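Engineer: Take this sequence and fold it.
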Amino acid sequence: MTVPLIPADPEPLRRLYGEFPSLDEFRLRSINLNARGPALTLRVDLSSFPEHPPEEWADSECDVVQCHIDFAAVERLTLQEWNPSAPVQLTALTTEEPQRVDVSVQGPGVTLGFRSHESVIIRHISGFRMTPDGSDEVPHQFLSKLDARRFSTIPRTYEKTFYAR
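Structural biologist: Here you go, the predicted model:
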């Protein structure tokens, strides 16, 4: 049976959107593995922008919300295709194991599958204005004060404090 992902703390996104947005369709920007977890992080552009964004986001003419979706206790990982910045659909199915889901992320040029804990962590929420070519290598307005102090754009994938737990 298909189930929604369960965020450990839905409040930051709920405050932005009024209710928690769907995580079943988004633009997949990157996949990061953390062997110490074993954990997997998806950096995604959500499929909708909030009606009433923070003032800084409106002033910067942001039109996209980006965040990390962190999965814990990842196993059975398969990646058959990878073409970054692809629109994808995420499906989570119940398993015979309690609190575990089989996750499938599929779209043009992306076929990713894994099993993980049903609870996810949403981190590094930011707003930005997408360029005409779809790039996100532009200034970001981070929701977290700590992220806002440390970063003005998306750091490279080797920045452990941004991509690791």
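Engineer: what's the helix or strand for the closest residue to T111 other than its chain neighbours?
Structural biologist: Nearest residue to T111 in three dimensions, chain neighbours excluded: Q80, at 4.0 Å (CB to CB, 6 or more residues apart in numbering). Quick note: C-beta positions are derived from backbone N, CA and C, even for glycine. Taking DSSP states H and E as the definition, Q80 sits inside strand 75-82.
Engineer: helices and strands around the helix or strand that that strand is followed by, which ones?
Structural biologist: Note on strand 75-82: by DSSP H and E, the next helix or strand toward the C-terminus is strand 86-94. In terms of contacts (3 or more CB pairs under 8 Å, 6 or more residues apart in numbering; DSSP states H and E), strand 86-94 is packed against strand 25-34, strand 100-107.
Engineer: What pairs with the first one, parallel or antiparallel?
Structural biologist: In the sheet containing strand 25-34, the strands it pairs with under DSSP bridges are strand 39-46 (antiparallel), strand 86-94 (antiparallel).
Engineer: Contact partners for the closest residue to V105 other than its chain neighbours?
Structural biologist: Of all residues beyond its chain neighbours, the one nearest V105 is L112 (4.2 Å), with distances taken as CB to CB, 6+ apart. Residues counted as contacts of L112 (CB atoms under 8 Å, 6 or more residues apart in numbering) are 31, 77-80, 82, 103-106.
Engineer: Parallel or antiparallel, which strands does the helix or strand hosting L112 pair with?
Structural biologist: For L112, the element it lies in under DSSP H and E is strand 110-117. Taking DSSP bridges as the criterion, strand 110-117 pairs within the sheet with strand 75-82 (antiparallel), strand 100-107 (antiparallel).
Engineer: beta partners for T111?
Structural biologist: Judged by DSSP bridges, the bridge partners of T111 are E81, Q106.
Engineer: And the contacts of the lowest-mean-pLDDT helix or strand in the chain?
Structural biologist: Sorted by mean pLDDT, DSSP states H and E, the helices and strands of the chain end with helix 160-163, the least confident at a mean of 82. The contact list for helix 160-163 (CB under 8 Å, 6+ apart) reads 32, 34, 41, 68, 124, 150-151, 155, 157.
Engineer: For those residues, which single residue is the most surrounded?
Structural biologist: Counting neighbours by other CB atoms under 10 Å, T41 comes out on top of the contacts of helix 160-163 with 25 neighbours.
Engineer: can you pull the contacts of it?
Structural biologist: With CB under 8 Å, 6+ apart, T41 has these contacts: 30-32, 34, 68-71, 163.
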